[in-house]
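Trainee: Dropping a prediction and its sequence here:
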Amino acid sequence: MAKQNIYDNETFFEGYKELRNRKVNANVLFEIPTLLSILPDLKSKRVLDLGCGFGEHCREYLELGASRVVGVDISEKMLEVAREENSDPDIEYINIPMEDIDTIDETFDVVISSLAIHYVEDFEGVVKAVYSRLSDGGIFIFSQEHPVNTCYSEGSQRWARDENGRKICANISNYCVEKRYDYSWFVEGVQHYHRMFSTLINTLADAGFKIQKVAEPYPDKKLLEEYPEYYDNLHKPDFLFIRSVK
């Protein structure tokens, strides 16, 4: 089964790096705060970070008390940055796809994945592999693109607008058609996978996980006063978070 490694594409990598360097973006305003808010106590915990990217989260987990952090990523270019900017004796970076974590001969107390699961074709396989790498009572937390963001027809208008061009609702179609979709983001042909919310929950449950928390971050009044362009997120959240326990 082919595994996508778009982050080693030079054009994509530079575009993504520039985006993440912006002081204000959806990751900073919504994704990172929500992820940190649903973490368990990491003191003396062994943490596995799936799709660790530049390694910022790995260092954060260490600062939150983790005793050891292993970050895995399919992109060697991402890990070059991680090793240069976020290295520590208690952090190990491994260049493998998350589908291959069964090759890591150790168990973890917490497995976390930030905005990487939607790139993976074999979600069920990853969930089973995570379960096998977790200690009893271990926590699995991941964020991904919200399914309402990945279920509209190719070529369709993403938004319905009023006569003044104001977005009045998001257009949704084919929610129940689970598939890979390719789109343009810095380069052509970036592959994401659309899965229904029920598929995500049931796959976790079938593997033996118990769902503890679900989060769908959206802007509050204070944030909208400062960043009104994020009003879109009241129509549909960008991200979905699920925390489960073995």
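Mentor: Happy to help now that I have it.
Trainee: Just give me the neighbour total for Lys236.
Mentor: 17 (other C-beta atoms under 10 Å). Every C-beta, even on glycine, is put in place using the N, C-alpha and C of the backbone.
Trainee: quick one: it from Tyr218, how far?
Mentor: Using C-beta to C-beta, to the nearest Å, Lys236 is found at 9 Å from Tyr218.
Trainee: roughly how far is stretch 230-239 from the heart of the chain?
Mentor: 17 Å (C-alpha atoms, centre = their mean, to the nearest Å).
Trainee: Any buried residues in it, and which?
Mentor: Tyr230, Asp232, Asn233, Lys236, Pro237, Asp238, Phe239 (16 or more other C-beta atoms under 10 Å).
Trainee: likewise stretch 40-52?
Mentor: For stretch 40-52, using 16+ other C-beta under 10 Å, the buried residues are Pro40, Leu42, Lys45, Arg46, Val47, Leu48, Asp49, Leu50, Gly51, Cys52.
Trainee: can I assume the second one is in contact with Val110?
Mentor: Yes: with contact defined as C-beta atoms under 8 Å, Leu42 reaches Val110; the gap is 6.6 Å.
Trainee: Mind listing the shared neighbours of the two?
Mentor: Ala66 (C-beta atoms under 8 Å, 6 or more residues apart in numbering).
Trainee: show me the contacts for the residue nearest the centre of the chain.
Mentor: Residue closest to the average C-alpha location in the chain (C-alpha atoms, centre = their mean): Leu115, at 1.4 Å. Residues in contact with Leu115, defined by C-beta under 8 Å, 6+ apart, are Asn27, Glu31, Gly51, Ser143, Gln144, Glu145, Phe239.
Trainee: returning to that earlier point: what residues do Lys236 and Tyr218 have in common as contacts?
Mentor: With C-beta under 8 Å, 6+ apart as the test, Lys236 and Tyr218 reach no residue in common.
Trainee: Phe54: what's it in contact with?
Mentor: Contacts of Phe54 (C-beta under 8 Å, 6+ apart): Arg20, Met78, Val81, Ala82, Glu85, Asn86.
Trainee: For this protein, just list every one of the helices.
Mentor: 10-20, 26, 32-37, 56-63, 76-85, 123-133, 197-207, 221-226, 232-235 (DSSP state H).
Trainee: where does the chain have low pLDDT?
Mentor: 1-23, 153-156, 183-189 (pLDDT under 70).
Trainee: partners of Leu134 in the sheet?
Mentor: Here Leu134 sits in beta bridges with Phe108, going by DSSP bridges.
Trainee: My guess is it contacts Glu106. True?
Mentor: No: assessed by C-beta under 8 Å, Leu134 is found out of contact with Glu106, at 11.1 Å.
Trainee: who's more crowded, the two?
Mentor: Taking neighbours as other C-beta under 10 Å, Leu134 and Glu106 compare with Leu134 leading, 23 against 10.
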